[in-house]
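**Student:** Pasting a predicted model and its sequence here:
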Amino acid sequence: MKRLLSLLVVGTVIGTSGCGDAATAVSAQPEQFTQGGVSMEPTVKSGQVITARPVDDGYRPAHGDIVLFRPSGGKWGDRDTTFLKRVVAVGGETVACCDPAGKVTVDGAPLDEPYVTDDAPLDSPPNPDVCDSRRFGPVEVPKDEVFVLGDNRAASNDSRCAGPVPATAVTAVMIDQ
């Protein structure tokens, strides 16, 4: 049975690279969820219903996965809140912003992010308490964690200020929009 879950979307990451390793990620039938915020716009709009595939302990994050996750609190806040974000870096990689063109880099290579239409300002200094600057890092993503960002960076609370998320906190991967 499909369930609807209202999400607070702090930032999601939709990828052109797919939705994880299907051989190890599937643990149940796809479910439907309702996006509750604007941090993933224009990719996923507030109120939009998405379909996601639940994952199990064998899930291996992939660049571009749009994931639902429940962080363990800390700077992410309420442990009962489910977030929707895009994976931009995985364990062992170094992510930063910005290169001379203002782009996010992973291991020094700039990302092509056509899904980001409303980016955070470049001229705001980084602030770990508020995600209002495009600038952050460099951050070496710990093993078995992911660095996630919203597509609407001007209105997203994400790993820029809350830090990486354990891959074990990922509960599902979006499979359509």
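**Tutor:** Looks like it arrived, so ask away. Numbers count the residues shown, from 1 in each chain.
**Student:** C-alpha only now, for contacts and for neighbours.
**Tutor:** Noted.
**Student:** three-state assignment of the residue nearest the centre of the chain?
**Tutor:** Among the residues of the chain, the one closest to the centroid is residue 85, at 2.5 Å (Cα atoms, centre = their mean). Assigned state for residue 85: strand (three-state reduction, DSSP: H, G, I helix; E, B strand; the rest coil).
**Student:** ranges for the helices of this structure?
**Tutor:** Listed in chain order, the helices of the chain (DSSP state H) span 22-25, 159-162.
**Student:** and the last one, how far out from the chain's middle?
**Tutor:** Relative to the centre of its chain, helix 159-162 is centred 10 Å away, using Cα atoms, centre = their mean, to the nearest Å.
**Student:** Name the helix or strand of the protein that has the lowest mean pLDDT.
**Tutor:** Across the helices and strands of the chain, mean confidence by mean pLDDT, DSSP states H and E is lowest for strand 6-7: a mean of 38.
**Student:** related to what we said a few turns ago, mean pLDDT lowest for which of the helices of the chain?
**Tutor:** The weakest mean pLDDT among the helices of the chain belongs to helix 22-25, with a mean of 41.
**Student:** coming back round to it: I'd say the residue nearest to the centre of the chain and residue 149 touch.
**Tutor:** Yes - with contact defined as Cα atoms under 8 Å, residue 85 counts as touching residue 149 (5.6 Å).
**Student:** contacting residues around the residue nearest to residue 107 when sequence neighbours are not counted?
**Tutor:** In this structure, residue 107 finds its nearest non-sequential neighbour in residue 94, 5.1 Å apart by Cα to Cα, 6 or more residues apart in numbering. Contact analysis of residue 94 by Cα atoms under 8 Å, 6 or more residues apart in numbering lists 106-108, 138-141.
**Student:** one more time with 6 Å, if that's ok
**Tutor:** Shown in contact with residue 94 (Cα atoms under 6 Å, 6 or more residues apart in numbering): 106-107, 139-140.
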